[in-house]
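**Q** no sequence on this one, just coordinates:
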């Protein structure tokens, strides 16, 4: 059995991280687990509202301390699950891990139906901010050069969710199809009968937009919270009056709503699978949690605000439009909706939903297995091969 798995992460440890990246599962299997927080090495500091402290959490503030830990005999045969994508910005981290011949694993999931900007628009966008363009080119060249020069090692195993991830070029010795974690949560709750909300309701898939910790890392300005929540609540009022439902909020995992900004509407965290299962329909910006609407065959209404359109024309607002186009679903600027009769709940496009399922959520090879079992099989297979080789 694999004796030790070390998670190397650029996000702080939370209950959701421990659940969704199989940390709790491995601990339950008797595996020694450590969570190495390397936020200080690869990104600007940020506050995680739901961060947790545990005995297996270790925080590294310098590369020197990281290398000290990598040299410890107890870590020599560990498997390192990299919760850090390989980019030019993180190439130094991967160089250090490769220097000590760490056995690295990676989970590639979260591919989305986002078209991206046409090449000419990308060029114009870059020319409007030469410094950002120069940094982007530098890091792209750096990431490529490190791999071509053999300064970073390939992953031992890369786990890929959905055909979109499986089909990508992989820098790995082995690629294993898995499910997006949302797919596994869906399967666990698919046949459940416990209702969290009584009566008819729809669910808003919150993304914690005014306070999301990734905004700063992406160089994006936050929307004004007061204007944002006012626009959403006005739209929710119209939805409730028009369709005879209550709007329930599926809180984003990073959110901490000590003060309810949704006019007292019910807010539930980490219960999105059950909420979407029992809802009449969903309301969303953009999020991987839209997968629950797809898997449960629920209609989706995509929404944005005037401010989102202005601030995020090339990012968030464009992604929302891409989602709506891909799923053939209605899209509304809520600031332009004044009456409930302007809102339509369209019949779902079954073909688009099926395409989404196999492109981004699962594969025919993995859909009948839980990813944690695939993960467990593979890391133990690697351990057995090491023993045979030794």
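**A** On my side now, so go ahead. Since this is a predicted model, take the numbers as computed values, not measurements. Numbering: from 1, shown residues only.

**Q** going forward, measure contacts between C-alpha atoms and count neighbours the same way
**A** Fine.

**Q** All the strands of the stretch 101-250 of the chain, in order from the start?
**A** With DSSP state E, counting those that start in this stretch as the criterion, the stretch 101-250 of the chain has strands at 103-108, 157-161, 175-178, 201-205, 246-251.

**Q** and the ones you listed as JSON lines, adding mean neighbour count and mean pLDDT?
**A** Shown next, in JSON lines, are the strands of the stretch 101-250 of the chain (neighbours: other Cα atoms under 10 Å; pLDDT from 0 to 100):
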{"stretch": "strand 103-108", "mean neighbour count": "22", "mean pLDDT": "96"}
{"stretch": "strand 157-161", "mean neighbour count": "25", "mean pLDDT": "97"}
{"stretch": "strand 175-178", "mean neighbour count": "23", "mean pLDDT": "97"}
{"stretch": "strand 201-205", "mean neighbour count": "25", "mean pLDDT": "98"}
{"stretch": "strand 246-251", "mean neighbour count": "22", "mean pLDDT": "98"}
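
**Q** which stretches of the chain aren't confidently modelled?
**A** Within the chain, the segments meeting pLDDT under 70 span 1-2, 116-133, 215-218, 382-390.

**Q** Could you pull up the residues touching the spatially most central residue of the chain?
**A** In the chain, the C-alpha closest to the average C-alpha coordinate belongs to residue 110, at a distance of 5.4 Å (Cα atoms, centre = their mean). By Cα atoms under 8 Å, 6 or more residues apart in numbering, the residues touching residue 110 are 161, 180, 288, 360.

**Q** Okay, helices next: where are they in the stretch 151-300 of the chain?
**A** 163-166, 181-189, 214-217, 225-243, 272-278, 290-295 (DSSP state H, counting those that start in this stretch).

**Q** who's in contact with the second one?
**A** If you take Cα under 8 Å, 6+ apart as the criterion, helix 181-189 is touched by 20, 273, 274, 288, 289, 291, 292, 295, 361, 362, 370, 371.

**Q** Could you report the neighbour count for the closest residue to residue 94 other than its chain neighbours?
**A** In space, and not counting its chain neighbours, residue 94 is closest to residue 152: 6.0 Å by Cα to Cα, 6 or more residues apart in numbering. For residue 152, the tally of surrounding residues (other Cα atoms under 10 Å) stands at 22.

**Q** follow-up on the earlier one: scan the contacts of helix 181-189 and report the most crowded one.
**A** Going by other Cα under 10 Å, residue 361 tops the contacts of helix 181-189 with 31 neighbours.

**Q** Now that one. Its backbone dihedrals?
**A** Note on residue 361: its backbone torsions stand at phi -110, psi -40 [degrees, to the nearest 10].

**Q** mind giving me JSON lines with the strands of the stretch 101-250 of the chain and columns for distance to residue 187?
**A** Formatted as JSON lines, the strands of the stretch 101-250 of the chain follow (distance: least, Cα to Cα, whole Å):
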{"stretch": "strand 103-108", "distance to residue 187": "20"}
{"stretch": "strand 157-161", "distance to residue 187": "15"}
{"stretch": "strand 175-178", "distance to residue 187": "14"}
{"stretch": "strand 201-205", "distance to residue 187": "19"}
{"stretch": "strand 246-251", "distance to residue 187": "18"}
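
**Q** among those, which is nearest residue 60?
**A** strand 103-108 (18.2 Å; Cα to Cα).

**Q** orientation of the closest one relative to strand 157-161 in degrees?
**A** Strand 103-108 and strand 157-161 meet at an angle of 10 degrees, taking axes from the mean of the first three to the mean of the last three Cα atoms, to 10 degrees as the criterion.

**Q** what comes into contact with strand 103-108?
**A** 77-83, 154-161, 165.

**Q** ok, back up a step: highest mean neighbour count out of the helices of the stretch 151-300 of the chain?
**A** Using mean count of other Cα atoms under 10 Å, the stretch among the helices of the stretch 151-300 of the chain with the largest mean neighbour count is helix 272-278, at a mean of 24.

**Q** That helix packs against which elements?
**A** helix 181-189, strand 201-205, helix 290-295 (3 or more Cα pairs under 8 Å, 6 or more residues apart in numbering; DSSP states H and E).

**Q** mind redoing it with 6 Å?
**A** Here helix 272-278 touches no other helix or strand, going by 3 or more Cα pairs under 6 Å, 6 or more residues apart in numbering; DSSP states H and E.

**Q** centre of the chain versus it, how much separation?
**A** Distance of helix 272-278 from its chain centroid, counting by Cα atoms, centre = their mean, to the nearest Å, is 18 Å.

**Q** Make 24 the first number, not 1, from now on.
**A** In the new count, where the first residue is 24, that last one comes out as helix 295-301.

**Q** and the residue nearest to residue 85 when sequence neighbours are not counted, what are its phi and psi?
**A** Spatial nearest neighbour of residue 85, chain neighbours left out: residue 64 (6.6 Å); criterion: Cα to Cα, 6+ apart. Dihedral pair for residue 64: phi -90, psi -20, per degrees, to the nearest 10.

**Q** Tell me how far residue 64 lies from residue 160.
**A** 21 Å (Cα to Cα, to the nearest Å).

**Q** So the residue nearest to residue 117 versus residue 188, what's the distance?
**A** Distance from residue 175 to residue 188, by Cα to Cα: 21 Å.

**Q** again with residue 212
**A** 25 Å.

**Q** With residue 326 instead?
**A** In terms of Cα to Cα, residue 326 sits 27 Å off from residue 188.

**Q** Equivalent analysis for residue 78, please.
**A** From residue 78 to residue 188 the distance is 34 Å (Cα to Cα).

**Q** now swap in residue 219 and tell me
**A** Residue 219 is 33 Å from residue 188, by Cα to Cα.
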